[in-house]
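> Sequence and predicted model, in that order:
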Amino acid sequence: MDERLQFVARRLAGEAMAELCREFGISRKTGYKIFDRYQGCGLEGLTDRSRRPYRYANRLPFQVENYILNVKSEHPSWGARKIRERLLRRFSGVPIPAKSTIHAVLDRHGLVERRGRLRRRAQGTALSLGQRPNELWCTDYKGEFLLGNHQYCYPLTVTDHASRFLLACDALPSTQETYAFTVFERLFHEHGLPANIRSDNGVPFSSAHALFHLSRLAVWWLRLGIGIERIRPGRPHQNGRHERMHLTLKKEATKPAAANFLQQQARFDAFLATFNTERPHEALAMQCPADVYRPSRRPYTGLPDLEYPFHDKTIVVTQCGRICLGSKKINLSQVFAGQAVGIKEVHEDIWLVSFMDYDLGYFDLETRVVEPLENPFGPKVLPMS
């Protein structure tokens, strides 16, 4: 706090923000943030603030959750609506969870009777083996580096896990999903569809603030019947073959960097051809990747239609990530924008929302917020059949 106080005092004395930030080794954004806190809160604004989130999804005080389970045990036929009414009478003056939250608690403890057919859920090991071509593709960005024209280059790479075949090495100006969509659509046209794609948890493969950390790119893969796999954070060895290729790529095609994107892409194209057709690989009995790789038998024909015959309604998610049910708007996630989801009333005023063969969560028309179920798209996803 002493340094922050000195910083604020010198700023109040009239010293320039840019020079102060340079001397204290902070960005101007941080400098203005510190000064704004002081102006708004005084000296208290200079103390460290807790980074603990204000709200934990689906987490209730243990007394409330235990009471919910006890009431359900005492009255097995009661649903979330009746239990919530009992909570209102029992815990006066305490915020009471929504019906959908209570229903999610009951479901988590196996106390909800499923209606209709059982949904297929992703289960199994964290990562598939990928022993044959196109069972598993691996993708990542080879960091970023500065070209001769002072523009940053972000190489997007894709390999086939079994054959080590380098499917793509594209020099891109950023990691925006628009560029990634273009690369993968080209690959799907040229090589067909893989069973799974493995990536890390970064953009655009994952979205930290979206439902289940999905991204629009991951949702598109799921629509095409491609299973998503993510390595655990801090475990790059789980994508070790791909990372090893990156070492070779860095040595042979990025040092020194080319003058511009066109010249750098020409280097990448030459590296891809050599890597696939000329460079023998010890793990392939000194064969080249092109000798082992074969195109996928699953052609890319666009997105199949989605149907939900066992649901009450099929609704297309709006561009702002909402489900519109009559005049009610339920927040879901923008990564599902334009996608059709199925909704089904499983209990009175309790609705289940599903995407493809995955149950996402429950909502009620009072709170209009989806309470997520257990993550079906986590690192233990198996290939979709």
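Perfect, I can see it now. Residues are numbered from 1 along each chain as shown.

> domains in the protein, as residue ranges please.
The chain breaks down into these domains under automatic domain parsing: 2-46, 62-108, 137-292, 313-372.

> any idea how far E374 is from T277?
Distance of E374 to T277, given as C-beta to C-beta, to the nearest Å: 45 Å. Using the backbone N, CA and C atoms, a C-beta is placed for each residue, glycine as well.

> I misspoke; the intended subject was K250.
Plainly put, K250 is 20 Å away from T277 if you go by C-beta to C-beta.

> Now do the strands in the stretch 51-200 of the chain.
For the stretch 51-200 of the chain, applying DSSP state E, counting those that start in this stretch gives strands covering 137-141, 145-146, 152-160, 166-172, 196-199.

> What strands flank the fourth one, and is each parallel or antiparallel?
This means strand 166-172. Under the criterion DSSP bridges, strand 166-172 sits next to strand 152-160 (antiparallel) in its sheet.

> now do the second one
Neighbouring strands of strand 145-146 in its sheet, by DSSP bridges, are strand 152-160 (antiparallel).

> and if you look at the last one?
Strands flanking strand 196-199 in the sheet, each with its direction: strand 137-141 (parallel), strand 227-230 (parallel) (DSSP bridges).

> Quick one: mean pLDDT over the first one.
Mean pLDDT, taken over the full extent of strand 137-141, equals 95.

> Please identify the helix or strand for D269.
Using DSSP states H and E, D269 maps to helix 261-277.

> Now that helix - C-alpha only, PDB.
In PDB, the C-alpha atoms belonging to helix 261-277 read as follows (Å, rounded to 0.1, in the frame of the first residue of the first chain):
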ATOM      1  CA  PHE A 261       2.500 -12.900 -44.000                       C
ATOM      2  CA  LEU A 262       2.800 -14.000 -47.600                       C
ATOM      3  CA  GLN A 263       6.500 -14.900 -47.300                       C
ATOM      4  CA  GLN A 264       5.900 -16.500 -43.900                       C
ATOM      5  CA  GLN A 265       3.100 -18.600 -45.300                       C
ATOM      6  CA  ALA A 266       5.400 -19.700 -48.200                       C
ATOM      7  CA  ARG A 267       7.900 -21.000 -45.600                       C
ATOM      8  CA  PHE A 268       5.100 -22.800 -43.700                       C
ATOM      9  CA  ASP A 269       3.900 -24.400 -46.900                       C
ATOM     10  CA  ALA A 270       7.400 -25.600 -47.700                       C
ATOM     11  CA  PHE A 271       7.900 -26.900 -44.200                       C
ATOM     12  CA  LEU A 272       4.500 -28.800 -44.400                       C
ATOM     13  CA  ALA A 273       5.500 -30.500 -47.600                       C
ATOM     14  CA  THR A 274       8.900 -31.500 -46.300                       C
ATOM     15  CA  PHE A 275       7.600 -32.700 -42.900                       C
ATOM     16  CA  ASN A 276       4.900 -34.900 -44.500                       C
ATOM     17  CA  THR A 277       6.600 -36.300 -47.600                       C
END
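
> just how off-centre is the helix or strand just after that helix within its chain?
Per DSSP H and E, the first helix or strand lying C-terminal to helix 261-277 is helix 289-292. For helix 289-292, the separation from the chain centroid amounts to 32 Å (computed by C-alpha atoms, centre = their mean, to the nearest Å).

> residues near G25, how many?
Neighbourhood size, G25 [other C-beta atoms under 10 Å]: 8.

> I meant to write R322 there.
For R322, using other C-beta under 10 Å, the count is 19.

> Now do the phi/psi pair for the residue lying closest to it once chain neighbours are set aside.
Using C-beta to C-beta, 6 or more residues apart in numbering and skipping residues adjacent in sequence, the residue nearest R322 is K329, 4.7 Å away. Reported as degrees, to the nearest 10, the phi and psi values for K329 are phi -120, psi 120.
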